[in-house]
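Visitor: no sequence on this one, just coordinates:
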């Protein structure tokens, strides 16, 4: 139990450090849902955290992180579960992203890992469905990835 708590804390700290270090976190708003997303090299995670979450570290491997927060009428926000799916592509190939849900205390993250080539522009299309009674929202963005960043 203590090891699990320590790994979660380490994972959260690693994610926050990665996003702050890269200034890569971005946000897109869909109605009451704020979707935070970032893409970073898997080597930013410590080996222990990567092992705990079954993430392969490598200079040509990256992680996409999606977190959804629902804005409440009183001004607060809460973590929101969602169905998250998507793909990443370069000029030639499209790769399906397999997201895993990570829940930690008051946070929920959706992570997917993928391979890339150095200095490669990747396009992302992510479907986010926080409410099964409505159509999913589509998040599209691009990012150039580097092996040494």
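Guide: Good, I have the coordinates. The structure displayed is predicted, hence computed values, not measured ones.

Visitor: can you list contacts of stretch 89-96?
Guide: Residues outside stretch 89-96 that contact it (C-beta atoms under 8 Å, 6 or more residues apart in numbering) are 86, 87, 88, 114, 115, 116, 117, 120, 121, 122, 123, 125. Where you see a C-beta, it was placed from the backbone N, CA and C, and this is true even at glycine.

Visitor: at 10 Å instead, please
Guide: Residues from elsewhere that reach stretch 89-96 (C-beta atoms under 10 Å, 6 or more residues apart in numbering): 85-88, 112, 114-117, 120-125, 142, 145.

Visitor: among these, which lie within helices?
Guide: Assignment to helices by DSSP state H places none of the contacts of stretch 89-96 there.

Visitor: what subset of those residues is buried?
Guide: Taking 16 or more other C-beta atoms under 10 Å as the criterion, what is buried in the contacts of stretch 89-96 is 85, 86, 88, 112, 114, 116, 120, 122, 124, 145.
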